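J.: Structure of the sequence below:
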Amino acid sequence: MLMGPQNLLERLEQVRNRIETAARQAGRCVDSITLLGVTKGQPAAAVHAAAVAGMREFGESYLQEALEKIPAVEKLGPLPQPAGAPGTPGLSWHFIGRVQSNKTRPVAESFAWVHAVDRLRIAQRLAEQRPYYAPPLNICLQVNVAREDTKGGVTVAELPTLAAQVAALPRLKLRGLMCLPPDEEDPERQRHWFKTLREALEGLNRTGLALDTLSMGMSGDLEAAILEGATIVRVGTAIFGPRQV
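T.: Numbers count the residues shown, from 1 in each chain. Model prediction:
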(Lines give C-alpha, C1' and ligand atoms only; values in the text may rest on other atoms or scores of the structure.)
Protein backbone atom coordinates (compact mmCIF):
# COMPACT_ATOMS: atom_id res chain seq x y z
CA MET A 1 0.00 0.00 0.00
CA LEU A 2 1.38 3.39 -0.98
CA MET A 3 1.73 5.97 1.72
CA GLY A 4 -0.53 8.99 1.19
CA PRO A 5 1.01 12.46 0.94
CA GLN A 6 -0.54 13.55 4.23
CA ASN A 7 0.93 10.57 6.06
CA LEU A 8 4.34 11.33 4.58
CA LEU A 9 4.09 14.98 5.57
CA GLU A 10 3.22 14.01 9.14
CA ARG A 11 6.16 11.63 9.36
CA LEU A 12 8.50 14.21 7.88
CA GLU A 13 7.36 16.80 10.41
CA GLN A 14 7.93 14.34 13.25
CA VAL A 15 11.49 13.69 12.07
CA ARG A 16 12.19 17.39 11.73
CA ASN A 17 10.93 17.92 15.26
CA ARG A 18 13.21 15.14 16.53
CA ILE A 19 16.19 16.76 14.82
CA GLU A 20 15.33 20.19 16.23
CA THR A 21 14.91 18.81 19.75
CA ALA A 22 18.23 16.94 19.60
CA ALA A 23 20.01 19.98 18.18
CA ARG A 24 18.67 22.12 21.00
CA GLN A 25 19.80 19.54 23.56
CA ALA A 26 23.29 19.54 21.99
CA GLY A 27 23.45 23.33 21.93
CA ARG A 28 23.68 23.30 18.15
CA CYS A 29 21.98 25.24 15.38
CA VAL A 30 19.49 23.00 13.62
CA ASP A 31 20.65 24.44 10.29
CA SER A 32 23.99 22.68 10.82
CA ILE A 33 22.26 19.31 10.34
CA THR A 34 21.17 18.05 6.92
CA LEU A 35 18.29 15.62 6.69
CA LEU A 36 19.09 13.08 3.99
CA GLY A 37 16.05 11.13 2.86
CA VAL A 38 16.94 7.49 2.21
CA THR A 39 14.70 6.53 -0.68
CA LYS A 40 15.90 3.08 -1.74
CA GLY A 41 12.89 0.91 -2.44
CA GLN A 42 10.60 3.93 -2.61
CA PRO A 43 8.79 5.05 -5.78
CA ALA A 44 9.57 8.30 -7.56
CA ALA A 45 6.21 9.71 -6.47
CA ALA A 46 7.18 9.44 -2.79
CA VAL A 47 10.48 11.24 -3.45
CA HIS A 48 8.68 13.98 -5.36
CA ALA A 49 6.14 14.41 -2.56
CA ALA A 50 8.97 14.82 -0.04
CA ALA A 51 10.69 17.30 -2.34
CA VAL A 52 7.49 19.32 -2.63
CA ALA A 53 7.49 19.37 1.20
CA GLY A 54 10.93 20.96 1.17
CA MET A 55 13.43 18.09 1.21
CA ARG A 56 16.31 18.53 -1.21
CA GLU A 57 18.82 15.79 -0.26
CA PHE A 58 18.13 12.15 -1.12
CA GLY A 59 20.20 8.99 -0.74
CA GLU A 60 20.12 5.82 -2.83
CA SER A 61 21.89 2.49 -2.30
CA TYR A 62 20.91 0.54 -5.39
CA LEU A 63 22.51 2.00 -8.49
CA GLN A 64 20.18 0.76 -11.22
CA GLU A 65 17.11 1.76 -9.21
CA ALA A 66 18.59 5.20 -8.65
CA LEU A 67 19.49 5.75 -12.30
CA GLU A 68 15.87 5.10 -13.23
CA LYS A 69 14.39 7.07 -10.34
CA ILE A 70 16.36 10.31 -10.66
CA PRO A 71 14.94 11.29 -14.08
CA ALA A 72 11.53 9.92 -13.12
CA VAL A 73 11.33 12.33 -10.17
CA GLU A 74 12.26 15.25 -12.40
CA LYS A 75 9.46 14.37 -14.84
CA LEU A 76 6.80 14.50 -12.12
CA GLY A 77 6.72 18.27 -12.14
CA PRO A 78 8.49 21.41 -10.95
CA LEU A 79 9.30 21.94 -7.31
CA PRO A 80 8.37 25.03 -5.31
CA GLN A 81 11.14 27.57 -4.99
CA PRO A 82 12.11 28.44 -1.41
CA ALA A 83 11.35 32.01 -0.46
CA GLY A 84 14.21 34.34 -1.32
CA ALA A 85 16.18 31.66 -3.19
CA PRO A 86 17.22 32.63 -6.72
CA GLY A 87 17.07 30.17 -9.59
CA THR A 88 15.36 26.82 -9.87
CA PRO A 89 15.69 24.60 -6.81
CA GLY A 90 17.34 21.28 -7.57
CA LEU A 91 17.75 18.01 -5.76
CA SER A 92 21.06 16.68 -4.51
CA TRP A 93 21.55 12.93 -4.87
CA HIS A 94 23.85 10.96 -2.58
CA PHE A 95 25.03 7.43 -3.28
CA ILE A 96 25.14 5.75 0.12
CA GLY A 97 25.64 2.10 -0.85
CA ARG A 98 28.82 0.14 -1.37
CA VAL A 99 30.43 1.18 -4.66
CA GLN A 100 31.38 -1.66 -6.98
CA SER A 101 34.50 -1.12 -9.06
CA ASN A 102 32.72 -1.90 -12.33
CA LYS A 103 30.01 0.67 -11.66
CA THR A 104 32.00 3.73 -10.67
CA ARG A 105 31.34 5.64 -13.90
CA PRO A 106 27.55 6.06 -13.48
CA VAL A 107 28.10 6.90 -9.82
CA ALA A 108 30.67 9.55 -10.74
CA GLU A 109 28.37 10.96 -13.42
CA SER A 110 25.03 10.97 -11.59
CA PHE A 111 25.60 11.85 -7.94
CA ALA A 112 26.78 14.86 -5.94
CA TRP A 113 27.97 12.80 -2.96
CA VAL A 114 29.35 9.31 -2.33
CA HIS A 115 29.21 8.23 1.32
CA ALA A 116 30.81 4.83 1.55
CA VAL A 117 34.28 4.97 -0.01
CA ASP A 118 36.68 2.62 1.76
CA ARG A 119 39.21 1.71 -0.94
CA LEU A 120 41.73 3.88 -2.74
CA ARG A 121 41.06 2.21 -6.08
CA ILE A 122 37.38 3.14 -5.91
CA ALA A 123 38.28 6.75 -5.15
CA GLN A 124 40.77 6.80 -8.02
CA ARG A 125 38.16 5.51 -10.48
CA LEU A 126 35.60 8.06 -9.27
CA ALA A 127 38.17 10.82 -9.77
CA GLU A 128 39.07 9.62 -13.26
CA GLN A 129 35.43 9.30 -14.31
CA ARG A 130 33.97 12.46 -12.78
CA PRO A 131 32.88 14.65 -15.74
CA TYR A 132 35.09 17.69 -16.31
CA TYR A 133 32.08 20.02 -16.39
CA ALA A 134 30.71 18.86 -13.01
CA PRO A 135 31.78 20.24 -9.64
CA PRO A 136 34.06 18.04 -7.53
CA LEU A 137 32.38 14.90 -6.22
CA ASN A 138 31.87 15.10 -2.45
CA ILE A 139 33.33 12.06 -0.69
CA CYS A 140 32.86 10.54 2.75
CA LEU A 141 35.09 7.70 3.86
CA GLN A 142 33.36 4.80 5.55
CA VAL A 143 34.83 3.78 8.90
CA ASN A 144 34.05 0.40 10.43
CA VAL A 145 33.91 1.76 13.96
CA ALA A 146 33.22 -1.63 15.59
CA ARG A 147 35.37 -3.68 13.20
CA GLU A 148 32.41 -5.85 12.20
CA ASP A 149 33.19 -8.50 9.60
CA THR A 150 29.81 -8.06 7.92
CA LYS A 151 30.30 -4.36 7.17
CA GLY A 152 32.57 -2.39 4.90
CA GLY A 153 34.82 0.45 5.94
CA VAL A 154 38.38 0.98 7.05
CA THR A 155 39.47 0.76 10.66
CA VAL A 156 40.31 3.89 12.61
CA ALA A 157 43.97 2.88 12.41
CA GLU A 158 43.84 2.58 8.61
CA LEU A 159 41.92 5.82 8.14
CA PRO A 160 44.73 8.44 8.11
CA THR A 161 46.53 6.81 5.18
CA LEU A 162 43.40 6.48 3.06
CA ALA A 163 42.26 10.01 3.92
CA ALA A 164 45.56 11.54 2.83
CA GLN A 165 45.48 9.58 -0.44
CA VAL A 166 41.89 10.50 -1.28
CA ALA A 167 42.34 14.15 -0.34
CA ALA A 168 45.10 14.40 -2.97
CA LEU A 169 42.96 13.16 -5.86
CA PRO A 170 41.61 15.60 -8.47
CA ARG A 171 37.87 16.00 -9.18
CA LEU A 172 37.04 14.85 -5.66
CA LYS A 173 36.46 16.80 -2.46
CA LEU A 174 37.00 14.81 0.70
CA ARG A 175 34.29 16.13 3.03
CA GLY A 176 34.26 13.77 5.98
CA LEU A 177 33.40 10.37 7.40
CA MET A 178 30.42 8.04 7.66
CA CYS A 179 29.65 4.91 9.63
CA LEU A 180 27.11 2.14 10.07
CA PRO A 181 27.49 1.32 13.76
CA PRO A 182 26.17 -1.80 15.50
CA ASP A 183 22.48 -1.81 16.35
CA GLU A 184 22.19 -0.55 19.91
CA GLU A 185 19.09 0.28 21.94
CA ASP A 186 20.93 2.00 24.79
CA PRO A 187 21.45 5.68 23.87
CA GLU A 188 24.80 5.75 25.62
CA ARG A 189 26.03 2.79 23.57
CA GLN A 190 24.78 4.53 20.44
CA ARG A 191 26.73 7.64 21.39
CA HIS A 192 29.87 5.59 21.99
CA TRP A 193 30.14 4.59 18.32
CA PHE A 194 29.30 8.06 17.04
CA LYS A 195 31.88 9.55 19.38
CA THR A 196 34.45 7.19 17.87
CA LEU A 197 33.72 8.60 14.41
CA ARG A 198 33.76 12.20 15.61
CA GLU A 199 37.10 11.72 17.32
CA ALA A 200 38.49 10.11 14.16
CA LEU A 201 37.46 13.19 12.16
CA GLU A 202 38.97 15.51 14.73
CA GLY A 203 42.21 13.54 14.55
CA LEU A 204 42.35 13.91 10.76
CA ASN A 205 41.74 17.63 11.01
CA ARG A 206 44.67 17.96 13.38
CA THR A 207 46.85 16.63 10.56
CA GLY A 208 45.86 19.53 8.32
CA LEU A 209 42.69 18.29 6.65
CA ALA A 210 39.60 20.48 6.84
CA LEU A 211 36.79 17.96 7.00
CA ASP A 212 33.31 19.23 7.87
CA THR A 213 30.97 16.27 7.51
CA LEU A 214 29.89 13.44 9.81
CA SER A 215 27.34 11.25 8.04
CA MET A 216 25.92 9.22 10.90
CA GLY A 217 22.60 8.45 12.51
CA MET A 218 19.46 6.90 11.07
CA SER A 219 15.79 6.53 12.01
CA GLY A 220 16.46 4.77 15.32
CA ASP A 221 19.48 6.65 16.61
CA LEU A 222 19.56 10.10 15.05
CA GLU A 223 19.36 11.83 18.43
CA ALA A 224 22.53 10.14 19.69
CA ALA A 225 24.29 10.99 16.43
CA ILE A 226 23.34 14.66 16.64
CA LEU A 227 24.55 14.84 20.24
CA GLU A 228 27.93 13.61 19.00
CA GLY A 229 28.15 16.05 16.10
CA ALA A 230 26.37 14.51 13.10
CA THR A 231 26.02 16.94 10.20
CA ILE A 232 24.06 14.53 7.97
CA VAL A 233 21.47 12.10 9.31
CA ARG A 234 20.27 9.42 6.90
CA VAL A 235 16.57 8.74 7.50
CA GLY A 236 14.36 6.41 5.48
CA THR A 237 11.78 4.37 7.36
CA ALA A 238 10.80 7.12 9.80
CA ILE A 239 9.77 9.30 6.83
CA PHE A 240 8.73 6.94 4.06
CA GLY A 241 7.68 3.84 5.97
CA PRO A 242 8.67 0.34 4.79
CA ARG A 243 10.13 -0.06 1.33
CA GLN A 244 7.36 -0.04 -1.26
CA VAL A 245 9.09 -1.44 -4.37
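
J.: And the strands in this structure?
T.: 34-38, 57-60, 92-95, 113-117, 137-142, 172-178, 213-215, 232-235 (DSSP state E).

J.: out of those strands, nearest to residue 23?
T.: strand 232-235 (10.5 Å; CB to CB). All C-beta spots, glycine's among them, are computed from the backbone N, C-alpha and C.

J.: For that closest one, buried residues please.
T.: 232, 233, 234, 235 (16 or more other CB atoms under 10 Å).

J.: okay if I get these as CSV plus pLDDT and distance to residue 154?
T.: Output for these, formatted as CSV (pLDDT from 0 to 100; distance: CB to CB, whole Å):
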residue, pLDDT, distance to residue 154
232, 98, 19
233, 98, 22
234, 98, 19
235, 98, 25
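
J.: now for the strands of the chain, which one comes closest to residue 70?
T.: strand 92-95 (6.0 Å).

J.: Now that closest one: buried residues?
T.: Buried residues in strand 92-95 (16+ other CB under 10 Å): 93, 94, 95.

J.: of all the residues you listed, which comes closest to residue 115?
T.: residue 94 (5.9 Å).

J.: show me the contacts for that closest one.
T.: When contacts are counted by CB atoms under 8 Å, 6 or more residues apart in numbering, residue 94 touches 36, 57, 58, 59, 60, 111, 112, 113, 114, 115.

J.: What is the nearest of the buried residues of strand 92-95 to residue 78?
T.: Nearest member of the buried residues of strand 92-95 to residue 78, counting by CB to CB, is residue 93, at 17.5 Å.
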